[in-house]
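Engineer: here is a sequence with its predicted model. Questions after.
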Amino acid sequence: WAHWPLPSSAGFVVGHAGLYQALAMFAVAYFIIGMTVLSVCAIATNGALDAGGAYYMISRALGPEFGGSIGIMFFLANVCGSALYVLGLVEAVVDSFGIPPGQEAGTGVHVLPQSYWYELLYGTVLLALCLIVCLVGASIYAKATFLIFLIVAAVLGTILVSFFATRPLKVPIHLPNSSGTETDNGVFTGFSLKTLRDNLDGAYGVDYTTGQMMSFSSVFAVMFNGCTGIMAGSNMSGDLKRPSYSIPRGTISAVLFTYLVYNLLAFLMCATCNRILLQKDYGFLRDISIFPPLVTVGIYAATLSAAMSNLIGASRILYALARDDLFGRALALAKKTSASGNPVMAVVLSWLVVQVVLFSGKLNTIASVVTIFFLLVYATVNLACLALEWASAPNFRPTFRYFTWHTCLLGIAGCCVMMFLISPVSASASLGFLLLLLLALHYLSPSSTWGYISQALIFHQVRKYLLMLDVRKDHVKFWRPQMLLMVQNPRGSARLIDFVNDLKKSGLYVLGHVELQDLDMLPSDPLQPQQDSWLSLVDKLNVKAFVSLTLAPSVRHGVRQLLFTSGLGGMRPNTLVLGFYDDEAPQDGLTRHPAFTSTREEVPLGFPPLRAPSTPKLLSAREYVGIVADALKMLRNVLLARQLESLDKAWELRRAASPPPTIHVWPVNLLRPDSARYADTCSLFLLQMACVLNMARAWRRARLRLFLCVEAGTMPHAQEEKLRQLLKDLRIQAQIQLVPWDAITRLHWQTCQGPPGGPAEEEEEEEEGVVNFPTNTAQVSDEYVCAANKLVLEQSPAPAVRFLYLPRPPADTSLYPLYLHQLELLTRGLGPTVLVHGVSAVTSTQL
């Protein structure tokens with residue numbers, strides 16, 4: 001599948017650029033091509049290849065978005081390339097058989113009229129010939145290209161001999177100009193040191209076929225198109241018997257051979273032909289050949305071969321794109337094949353697009369666009385190989401070993417640099433078009449089963465950065481909540497899941513679930529089928545959460561497992577969130593969630609129906625409080641959320657009424673009125689969580705209200721000023737409201753049967769900590785708790801959510817039911833409420 005060089009293109013390059021710049025152009029072009037060839041060979045030998053060549057390689061490596069967008073770009077590159085070679089062949093035919101300018105009738109072999117429409121007609125006829133060959137199939141194309149190979153080999157041999165055998169001669173050149181026809185003489189001097197010296201440096205002139213002034217970039221663009229055949233073999237990957245064997249050997253052989261031939265031809269031309277001959281007669285090889293008809297046939301054959309190669313390559317790419325359904329019905333017609341498997345409709349559609357491109361009229365007009373398209377494809381092939389190499393996936397082990405990530409990176413850099421050197425405008429437009437295709441495919445294309453290299457790269461990078469995330473370097477300034485939310489059934493916890501997503505502040509968020517089964521009694525893991533349902537739920541609710549499921553004999557054991565094992569490295573949950581334990585019947589909030597009501601989609605069926613009110617709970621009150629105690633022993637913060645399913649966040653935060661919604665914060669331990677403090681660890685953690693919620697985008701309109709419980713004779717204004725200074729130091733904006741609670745504390749002391757400062761309090765002061773619950777349960781009565789509940793409830797206007805202080809569970813496990821009973825009394829009828837207990841320092845006043 002070698003793509004043979006067009007000898008005349010070498011004359012065009014050295015005529016304008018000179019030998020030095022021509023050799024530099026060849027070196028740059030083949031450096032880019034060489035790096036790309038190494039990447040192509042690596043990917044081609046890493047697994048079975050199918051139809052589509054470079055598109056197939058890129059799509060299976062980088063995913064459908066990159067594959068589809070680059071597939072379209074590569075299709076257009078091959079289409080424009082085919083048109084370019086057809087136009088080049090037309091120019092050669094007209095040059096040989098066209099009626100000279102200024103003459104009404106031709107003489108001898110010069111019988112073909114010359115005009116834009118006549119040349120379009122000639123191009124259409126030649127393209128139809130290519131179409132017939134491609135419609136017959138790949139087998140006839142292979143035979144045709146082998147015949148062309150023999151012809152071009154003979155032509156190259158003849159040309160090389162002609163440089164030595166032909167005597168010096170003058171070649172008359174007739175060119176049209178504004179006044180008629182201009183005649184000039186090109187000279188074949190034979191080997192001459194003077195001729196070589198004259199041709200060493202560049203002397204860019206006007207291209208007589210387009211009338212445009214040539215430059216390094218425009219000459220490079222034309223020259224590079226003669227080197228783009230390296231993908232000819234890979235484009236036919238679906239028709240090759242052993243593509244993984246044939247593509248590396250054929251491609252590397254073609255590249256090495258054409259590079260040597262181009263350099264040899266450039267040197268021979270510079271040493272034997274003067275500048276006029278090289279610049280003003282692109283068909284001069286026919287004039288100096290020892291057998292001119294063979295050169296003519298060879299140039300025609302090589303150009304026709306290149307046109308057919310690009311046409312059949314474009315059709316295979318279009319067929320592969322259609323078969324992958326990336327563009328839906330738009331390319332459905334291209335899927336149709338003949339009985340032998342030849343994608344005839346893809347060939348016909350490609351032919352139609354090439355026919356449209358032929359209207360551009362001149363070869364050099366579209367050369368730069370074709371070159372930029374090919375360079376973009378080559379850069380992406382290198383990118384695909386680079387991504388596979390950097391991902392370090394065990395299954396990327398190509399049998400072709402002569403590449404590294406350095407060669408891929410050099411190939412990408414070379415392609416990008418040359419794109420912008422050739423035409424900054426065209427390069428920018430091509431990249432913009434590529435970006436539009438990427439976005440369209442990202443949002444519109446169906447998911448694929450090819451595997452996404454992005455996932456492998458993300459894994460590689462995440463692993464690297466997780467290893468760098470050292471927990472020993474943690475600092476309170478950079479603390480963030482990392483949540484583990486325990487969910488029994490998502491149907492009854494949809495709004496709680498959404499609420500905790502607002503609380504995480506870019507931290508880790510894990511949805512935990514415990515399945516009460518014994519793996520020893522089961523034939524397989526029952527959690528695997530559930531995983532997809534949970535992940536789909538995360539996607540639909542649009543929460544940034546991981547899912548962690550476990551099997552355990554009890555809920556308490558399961559929560560312990562998740563607290564010990566969830567997360568990785570420095571990313572582990574530091575806060576446990578539980579729904580509240582009460583007797584309220586669960587409500588199916590998933591069916592009313594906006595994620596399903598707005599899109600009219602069905603709720604995922606992987607979750608069982610909610611527990612009926614008459615069905616016993618899977619968790620006892622004692623076990624529930626035990627989970628809270630376990631979490632605190634593990635130095636995890638604890639949040640208990642009650643009635644969060646009644647929180648209509650969209651209504652609360654978007655209502656137009658004034659004032660804006662509020663968040664009520666009670667940083668005092670209401671179950672311990674004799675030791676009320678606002679600056680202990682738990683109170684500061686509660687303040688931090690309320691502030692974090694207020695910082696979430698959906699809650700920024702809400703206002704924090706902080707309640708300071710004061711008694712008569714305790715200098716409330718001094719306490720208020722002290723609290724205000726604390727808030728200022730912590731950069732927390734909140735309104736402070738003084739709440740007299742003498743009547744509430746009087747109930748407490750009546751129960752204690754002693755005034756403040758008595759023996760009971762002195763005994764408590766000696767004990768360590770603020771929340772020594774065993775004495776609380778003995779002293780705080782239900783009457784007091786109900787009064788505290790009423791105090792909280794009376795503060796108006798009603799808030800969107802309340803944050804209350806959660807006392808530590810008692811050390812005596814027999815008091816767990818009483819502890820939970822008092823929490824239920826305290827929060828009864830308060831609406832959405834979060835009980836918070838913090839064990840770690842989370843606030844900082846430092847820079």
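Structural biologist: Cool, the structure landed. Residues are numbered from 1 along each chain as shown.

Engineer: mind checking the pLDDT average for the helix or strand that Trp117 is a member of?
Structural biologist: Per DSSP states H and E, Trp117 falls inside helix 116-136. Average pLDDT, helix 116-136: 87.

Engineer: can you give me the buried ones in that helix?
Structural biologist: Buried residues in helix 116-136, defined by neighbour count with 16 or more other Cβ atoms under 10 Å: 119-120, 122-123, 126-127, 130-131, 133-136. To be clear about C-beta, it is placed using only N, CA and C from the backbone, and glycine gets the same treatment.

Engineer: what's the answer for stretch 194-213, then?
Structural biologist: Of the residues in stretch 194-213, 195, 199, 202, 204, 207-209 count as buried by neighbour count, 16+ other Cβ under 10 Å.

Engineer: tell me where the stretch 151-300 of the chain has helices.
Structural biologist: 193-198, 216-225, 232-235, 243-272, 275-280, 284-288, 292-323 (DSSP state H, counting those that start in this stretch).

Engineer: got it, and the stretch 401-550 of the chain?
Structural biologist: Using DSSP H, counting those that start in this stretch, helices in the stretch 401-550 of the chain cover 405-422, 424-444, 453-468, 494-503, 528-541.

Engineer: I'd like those laid out as TSV, including mean neighbour count, distance to Phe564 and mean pLDDT.
Structural biologist: Converted to TSV, those look like this (neighbours: other Cβ atoms under 10 Å; distance: least, Cβ to Cβ, whole Å; pLDDT from 0 to 100):
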stretch	mean neighbour count	distance to Phe564	mean pLDDT
helix 405-422	19	39	88
helix 424-444	14	39	85
helix 453-468	14	18	82
helix 494-503	22	20	91
helix 528-541	15	20	87
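
Engineer: between the helices of the stretch 151-300 of the chain, which gets the lowest average pLDDT?
Structural biologist: Among these, helix 232-235 carries the lowest mean pLDDT (a mean of 60).

Engineer: ok, back up a step: show residues contacting the helix holding Trp117.
Structural biologist: 82-83, 86-87, 89-90, 93-94, 112, 140-141, 144, 304, 307-308, 311-312, 315, 342, 344, 347-348, 351, 354-355, 358-359, 361 (Cβ atoms under 8 Å, 6 or more residues apart in numbering).

Engineer: now, these that are in helices?
Structural biologist: Residues of these located in helices (DSSP state H): 82-83, 86-87, 89-90, 93-94, 140-141, 144, 304, 307-308, 311-312, 315, 344, 347-348, 351, 354-355.

Engineer: adding distance to Ala702, write the helices of the stretch 401-550 of the chain out as a markdown table.
Structural biologist: Converted to a markdown table, the helices of the stretch 401-550 of the chain look like this (distance: least, Cβ to Cβ, whole Å):
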| stretch | distance to Ala702 |
| --- | --- |
| helix 405-422 | 48 |
| helix 424-444 | 33 |
| helix 453-468 | 34 |
| helix 494-503 | 11 |
| helix 528-541 | 21 |
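
Engineer: about what we covered before: widest-spaced pair of the buried residues of stretch 194-213?
Structural biologist: Thr195 and Thr209 (24.4 Å; Cβ to Cβ).

Engineer: write a ChimeraX command that selects only the buried members of the ones in helices among the contacts of helix 116-136.
Structural biologist: To isolate the buried ones among the ones in helices among the contacts of helix 116-136 in ChimeraX, judged by 16+ other Cβ under 10 Å, type:
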select :82,83,86,87,89,90,93,94,141,144,304,307,308,311,312,315,344,347,348,351,354,355
